[in-house]
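Participant: Fold the following.
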Amino acid sequence: MSKVIIIGAGPAGLSAAITIAENGLEVLVLDEYMIAGGRLLGQLYEEPNGNWWNGIKESKQLYEKALDLGVKIQLHTAVSNLEKIDSSWVIYTATETYYTSHLLLATGATEAPLPIPGWTLPGVMSVGAAQVMTNVHRVKPGNRGVIIGVNVLSSAIAMELQLAGVQVACITLPKMSLVTKESGNPMNVMNSLLHVSHMAPSAFVKFGSKLMKIEFMKKMGITFFPKNGVKMWDIPIMLRKAVIEIYGDNEVEGVTMATISPTGEVIPGTEEKVQADFVCIAGGLYPLAELAAVAGCPFYHIEELGGYVPLHNERMETALEGLYVAGNITGIEGAKVAASQGVAAGLSIVHNNGTSNQEQNIKKAIQDIEHTRDNAFIQFHPAVKEGKQKLQHYWEEHLNTVKDMVGN
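Facilitator: Predicted coordinates:
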């Protein structure tokens, strides 16, 4: 039996492993990918201080530090099931079954697809796939692409594609439908776009974004938003056009777009074709929490955190004894927040294992998470703090329910 098992070798999992190993406990990290780092691997952007955040470099440093501390990292290992038997968590993989009393789920996030006519053509991919191809494998997804879906993730990756010499013809909306209602509504999209305006090189765009925070100005902004978009990083971002289909015979040849009204309805007769040899679909991210569900962890849907998240407290403990969570499984945020959560989870595990009293360190780690969140360069969900407050409320309700059951 391993002292601690961590599922997920991203920034949260590796940071937790390092913290635990530094306190003298054996750690085993399992991950289905061939390289440690998770979504951190694909990240590459310039920070406000002028330094470059290189995900591959950051991942390598975490990986090597973990190995130096004696952490066992087993890649190419997918977890198919887990369950609690007596006081042990049992983790099933294709090759072996593992046992532990302390299990951390740091499984991260996955992308939400947007169904668009033609999306099964070769050359259509998620925006995250394009990021990994470009930044990790150094393979261009194509020469000229269209990104469908205007959000924080697509905006950041579009900039990365440009840096790699890949032309992004435009970032535009999907045609509004029952499935794409939120991502196809110009007003909703403008709200999300305002949270990456600080990344724009244009002082005009930055200034305009400040005005757009006024509700009246938002409505005016959508109504008079240029049909051909506003450029950020020399990429047209279009809030008044939507893709109604992806076309091509045996592969992507382009997209058909149409002008839309301020409320998202297609204006007949405005259709036009835009040539491209690849298309990225950006439906946003949601917590990858299936293993927590299999374990029987209570869940709550919190929109501000990106979807369903397992119930947990600030110490990264779930409602199930010996089960912890950290990273994007707890809500969609950046890699630095995930790493901070990994440290907090690691300290909680050390403390609960009885190795040493970590109360003061845990309190500091919780403060560090808040500080990192407050200073995040990219905020995927602007109301994440409200989401965390909702989660804390649900946790307190859970504690009261447990007390009542014990009292009876």
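
Participant: Return stretch 250-259 as PDB; C-alpha atoms alone will do.
Facilitator: Provided in PDB are the C-alpha atoms of stretch 250-259 (Å, rounded to 0.1, in the frame of the first residue of the first chain):
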ATOM      1  CA  ASN A 250     -12.700  15.300 -47.700                       C
ATOM      2  CA  GLU A 251     -11.200  17.900 -45.300                       C
ATOM      3  CA  VAL A 252     -11.700  21.400 -44.100                       C
ATOM      4  CA  GLU A 253     -11.700  24.000 -46.800                       C
ATOM      5  CA  GLY A 254     -13.300  26.800 -45.000                       C
ATOM      6  CA  VAL A 255     -16.400  28.000 -43.100                       C
ATOM      7  CA  THR A 256     -19.600  29.800 -44.000                       C
ATOM      8  CA  MET A 257     -20.300  32.800 -41.800                       C
ATOM      9  CA  ALA A 258     -23.300  35.100 -41.600                       C
ATOM     10  CA  THR A 259     -23.900  38.500 -39.900                       C
END
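
Participant: Show me the helices in the stretch 1-150 of the chain, by range?
Facilitator: 11-22, 55-68, 127-131 (DSSP state H, counting those that start in this stretch).

Participant: distance of Val139 from Ser340?
Facilitator: 32 Å (CB to CB, to the nearest Å). Placement of C-beta: from N, CA and C, glycine included.

Participant: Which one of these two is surrounded by more residues?
Facilitator: Ser340 (26 against 10; other CB atoms under 10 Å).

Participant: In terms of helix, strand or coil, where does the more buried one fall?
Facilitator: helix (DSSP: H, G, I helix; E, B strand; the rest coil).

Participant: Leu173 too?
Facilitator: Reduced to three states by three-state DSSP, Leu173 is strand.

Participant: re the thing from before, I'd like to know which of the helices of the stretch 1-150 of the chain is closest to Val79.
Facilitator: Nearest of the helices of the stretch 1-150 of the chain to Val79, taken as CB to CB: helix 11-22 at 12.3 Å.

Participant: Flag every buried residue along that closest one.
Facilitator: By neighbour count with 16 or more other CB atoms under 10 Å, helix 11-22 contains the buried residues 11-21.

Participant: isn't Thr100 right next to Lys84, touching?
Facilitator: No - assessed by CB atoms under 8 Å, Thr100 is found out of contact with Lys84, at 10.7 Å.

Participant: Residues that sit against both of those two, list them.
Facilitator: Gly322 (CB atoms under 8 Å, 6 or more residues apart in numbering).

Participant: the more surrounded of the two?
Facilitator: A direct count of neighbours by other CB under 10 Å for Thr100 and Lys84 places Thr100 higher, at 21 against 15.

Participant: quick one: the residue lying closest to the more buried one once chain neighbours are set aside from Val71, how far?
Facilitator: Leaving out its chain neighbours, the residue that sits closest to Thr100 by CB to CB, 6 or more residues apart in numbering is Ile5, at 4.2 Å. From Ile5 across to Val71, the span is 11 Å (CB to CB).

Participant: Please enumerate the shared neighbours of those two.
Facilitator: With CB under 8 Å, 6+ apart, Ile5 and Val71 have common neighbours 27-29.

Participant: Now distance to Thr77 and pLDDT too, for the residues you listed, in a markdown table please.
Facilitator: Output for the shared contacts of Ile5 and Val71, formatted as a markdown table (distance: CB to CB, whole Å; pLDDT from 0 to 100):
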| residue | distance to Thr77 | pLDDT |
| --- | --- | --- |
| Val27 | 15 | 97 |
| Leu28 | 10 | 98 |
| Val29 | 9 | 98 |
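
Participant: For Ala319, which residues are in contact?
Facilitator: Ala319 touches 297-298, 311-312, 398, counting by CB under 8 Å, 6+ apart.

Participant: By neighbour count, which of these wins?
Facilitator: Highest neighbour count within the contacts of Ala319, by other CB under 10 Å: His312, with 28 neighbours.

Participant: Please give me every residue in contact with it.
Facilitator: His312 makes contact with 318-319, 324-325, 330, 391, 395 under the criterion CB under 8 Å, 6+ apart.

Participant: the longest helix in this protein is where?
Facilitator: Criterion DSSP state H: the longest helix present in the chain is helix 384-407.

Participant: in the stretch 1-150 of the chain, which spans are strands?
Facilitator: 2-7, 27-30, 44-46, 52-54, 72-74, 79-85, 88-93, 97-105, 109-111, 124-126, 144-148 (DSSP state E, counting those that start in this stretch).

Participant: pLDDT below threshold where in this structure?
Facilitator: 1-2, 191-227, 229, 407-408 (pLDDT under 70).

Participant: For the longest helix of the chain, list every residue counted as buried.
Facilitator: Applying 16+ other CB under 10 Å to helix 384-407 flags 384, 387-388, 390-391, 394-395, 398 as buried.

Participant: Would you tell me which one of those residues comes nearest to Ala36?
Facilitator: Val384 (26.0 Å).
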